[in-house]
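S.K.: give me the fold of what follows.
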Amino acid sequence: MNDSPTRLLLVQDHLADAGLLRAALSEASSTNFAFRLVHVEKVAEAIALLQEGSFDLILLDLSLPDAHGMDAIMRVKEAAPTLPIVVVMGLDDENVAIDAMRNGAQDYWVKGQVDGRLLVRSIRYAIERKKADVQIQQQRERQAILHEVNLAVTSTLDLQAVVQILLDEIA
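M.R.: Residues are numbered from 1 along each chain as shown. Alright, predicted model coming up:
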C-alpha cells in the first residue's frame, strides 16, 4: 500500500455534514488508509484548489450555494477530468444517484447513512475505477492515432509522403 495519505477534497457547504464525513473517515482510518481532507464550501473554491493542488478524489455535495445538482458535477469534472468524484446527497434518491453516475461520478453517498468503513471502500474503489477509465480512454486515443497512421501510410506509395505523414502524426 502507498505510504502517502489519500488526498480528499470535500466540497460541502454545511459544516455539520462535513464534520460527520470527517468523523466517519477518522473512525475508519487505519494504517491501511490514511487521508488528508481539505474542505471547501463552494464549487468555485474547489476549482481554484484543483488548479493549484493535487488531490486523489473529490467528495461533492449536490446542493451548494454556487452549483446545484448535475451542474456541480459537470463543473468539477471539467476542472479535473481525471479525478474520481463521489457524490454526497441529502436525499436517498436512486434516480438522482444514477444520473450523477451517468454524468461522471464514480459513486454516491446519502448524508446521515455514512459508514466509515464503507466510505473508505467506496473511496478506494472510486479511485481505482477512475484510473481504469482514464487508462481505457488513453488506449482508445492511441488506437485512433494508430488507425490514422495506418490509413495515411497505406494511402500512398510515395516514401517521402509516408515519412512526412508519420512525422506529423508523431508530433
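S.K.: which strands and helices sit next to the helix or strand containing Ala16?
M.R.: When elements are assigned from DSSP states H and E, Ala16 belongs to helix 15-28. If you count contacts as 3 or more Cβ pairs under 8 Å, 6 or more residues apart in numbering; DSSP states H and E, helix 15-28 packs onto strand 6-11, strand 35-40, helix 116-154. Every residue, glycine included, has its C-beta placed from N, CA and C.
S.K.: now it: buried residues?
M.R.: Residues Asp17, Ala18, Leu20, Leu21, Arg22, Ala24, Leu25, Ala28 are the ones in helix 15-28 that count as buried (16 or more other Cβ atoms under 10 Å).
S.K.: equivalent analysis for stretch 98-105, please.
M.R.: Going by neighbour count (16+ other Cβ under 10 Å), the buried part of stretch 98-105 is Asp99, Ala100, Asn103, Gly104, Ala105.
S.K.: and the two most separated of these?
M.R.: Spatial extent of the buried residues of stretch 98-105 (Cβ to Cβ) is set by the pair Asp99 and Gly104 at 10.6 Å.
S.K.: any idea how far the residue nearest the centre of the chain is from Gly112?
M.R.: Closest to where the C-alpha atoms of the chain average out (Cα atoms, centre = their mean) is Pro84, at 1.9 Å. From Pro84 across to Gly112, the span is 22 Å (Cβ to Cβ, to the nearest Å).
S.K.: check Glu141 too.
M.R.: Computed as Cβ to Cβ, the Glu141 to Gly112 distance reads 41 Å.
S.K.: Ser63 now?
M.R.: Using Cβ to Cβ, Ser63 is found at 14 Å from Gly112.
S.K.: these two: which has the busier surroundings?
M.R.: Ser63 (16 against 9; other Cβ atoms under 10 Å).
S.K.: can you list phi and psi of that one for me?
M.R.: Backbone torsions of Ser63, given as degrees, to the nearest 10, read phi -130, psi 90.
S.K.: would you agree it is in contact with Leu91?
M.R.: No: if you go by Cβ atoms under 8 Å, Ser63 and Leu91 don't touch, sitting 9.3 Å apart.
S.K.: now the helix holding Ala16 against helix 116-154, angle please.
M.R.: Relative orientation of helix 15-28 versus helix 116-154 (axes from the mean of the first three to the mean of the last three Cα atoms, to 10 degrees): 90 degrees.
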